[in-house]
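Trainee: For reference, the sequence and a predicted model appear below.
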Amino acid sequence: MPIKELKTDSKNELTVKRLLHARHYELTLNKAQCVNCEICKTVCPREAIETKKQPKQQGQKAQRPIVDINPQKCSYCGICETICPFDAIRAKVNNEHLVSVVEKESFPKLIHEIQVDTTKCSIDCVECEKACPLNLIKVNILTSDGKRISHEEIPSHSNKNGLKVQIDIKKEQSPCCRLCEVKCPEGAIRVRKIFHGVLDINVEKCPPNCQDCLDVCPIPGALFLDSVGKVRPNATFCVFCGTCKMVCPAEGALTMERRSVHHTPVKSGAWNKAIEKLTSAKEYAKESQTKRAEKVQQSIERKSLLRGAENA
């Protein structure tokens, strides 16, 4: 039994703790990084994470849902941390960062695959930095001896040919929306999306003048207004977080289906349950078939090794 269970909620963080005699568990939600989506709630095996839709005030934009964590239900397994594409949750045990499901290899990590070829970059270009909606990209200019200079200093620098571009990206916090890739004029950035899927809006079911989904979307361009003022989806930039679906006031007006997740290899029942909740039935079946095929192959290899040992 826990000695104490604590919960603190501030403007910037939500923290829950479970204090035992020998171990202290802690889970912290960074509100600045959280986009208040449904992904962590969807996969939580204990239903410890709740999202509450906020009432819309007349004449104001829709607000994102509020994320809450129940310390009595939370098992501090860390699944919510490893599945969050925005890296907004941190799990600790005895004040040390520890995700038990990853340590036990029972849950995968999301792969934030962003490749940058700075040899293609122009020294006066900061388009990727400006394009990032989450301010995760910083373009630095380095002199031949490795000293950083500002972009304002470039025109007066004596050795412009010796200048190099360095691009720092907080990859673990990136949902891989591809905005930086598309906006880069030199083709220097390549991004592989974490979540692939389908987002569809039935404008016939949308309430008049409603753009609640657009108000809460964390990625500019994933949703946009067409020439007649109707919201349309753009799957190129959509990260399939589900925030739009949560605030949509009309049933059937907005549908979203995740069809694949880019993650590290894993074999576990916990991930099977999570992928079943997160994605379409087709993707779940594909993952299950892949794992069954791997088990069959491993069985064949073991039998082959045994036969080889017997014949040696």
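Mentor: Nice, I can see it. Residues are numbered from 1 along each chain as shown.

Trainee: where exactly do the helices run in this protein?
Mentor: According to DSSP state H, the chain carries its helices in the segments 39-43, 79-83, 100-103, 127-131, 179-183, 212-216, 243-247, 269-278, 281-311.

Trainee: By mean pLDDT, show me the worst of those helices.
Mentor: Of all the helices of the chain, the minimum mean pLDDT falls on helix 281-311 (a mean of 49).

Trainee: separation between the nearest residue to Ile219 once chain neighbours are set aside and Lys230?
Mentor: Using CB to CB, 6 or more residues apart in numbering and skipping residues adjacent in sequence, the residue nearest Ile219 is Cys177, 4.7 Å away. Placement of C-beta: from N, CA and C, glycine included. As judged by CB to CB, to the nearest Å, Cys177 and Lys230 stand 22 Å apart.

Trainee: neighbour count winner among those two?
Mentor: Neighbour count, other CB atoms under 10 Å: between Cys177 and Lys230, Cys177 has more, with 26 against 15.

Trainee: Now do the contacts for that one.
Mentor: Neighbour list for Cys177: 133, 191, 193, 219, 222, 237-239 [criterion: CB atoms under 8 Å, 6 or more residues apart in numbering].

Trainee: Got the phi and psi for it?
Mentor: phi -80, psi -20 (degrees, to the nearest 10).

Trainee: Among the contacts of Cys177, which ones are in strands?
Mentor: Val191 (DSSP state E).

Trainee: what two of the contacts of Cys177 are the furthest from one another?
Mentor: Using CB to CB, these reach their maximum pairwise distance at Pro133 and Lys193, which is 15.1 Å.

Trainee: Looking at the two, which one has more neighbours?
Mentor: Using other CB under 10 Å, the more surrounded residue of Pro133 and Lys193 is Lys193, with 21 against 16.

Trainee: residue contacts, the residue lying closest to the more buried one once chain neighbours are set aside?
Mentor: Sequence neighbours aside, Cys176 is the residue nearest to Lys193 in space, at 5.1 Å (criterion: CB to CB, 6+ apart). Cys176 sits next to 85, 112-114, 191-194, 239, 262 when contact means CB under 8 Å, 6+ apart.

Trainee: Lys205 and Gly252, how far apart?
Mentor: 5 Å.

Trainee: was I right about Ile79 contacting Phe107?
Mentor: Yes: look at Ile79 against Phe107 with CB atoms under 8 Å: they come within range, at 5.8 Å.

Trainee: Give the intersection of the neighbour lists for the two.
Mentor: 101, 270, 274.

Trainee: Throw those residues into CSV and include distance to Arg46 and neighbour count, thanks.
Mentor: Shown next, in CSV, are the shared contacts of Ile79 and Phe107 (distance: CB to CB, whole Å; neighbours: other CB atoms under 10 Å):
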residue, distance to Arg46, neighbour count
Val101, 13, 24
Ala270, 12, 17
Ala274, 13, 24
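
Trainee: ok, so of those, who is nearest Glu257?
Mentor: Among the shared contacts of Ile79 and Phe107, and counting by CB to CB, the member closest to Glu257 is Ala274, at 15.9 Å.

Trainee: contacting residues for the closest residue to that closest one other than its chain neighbours?
Mentor: Of all residues not flanking Ala274 in the chain, Val43 sits nearest, at 4.3 Å (CB to CB, 6+ apart). Shown in contact with Val43 (CB under 8 Å, 6+ apart): 79-80, 83, 273-274, 277-278.
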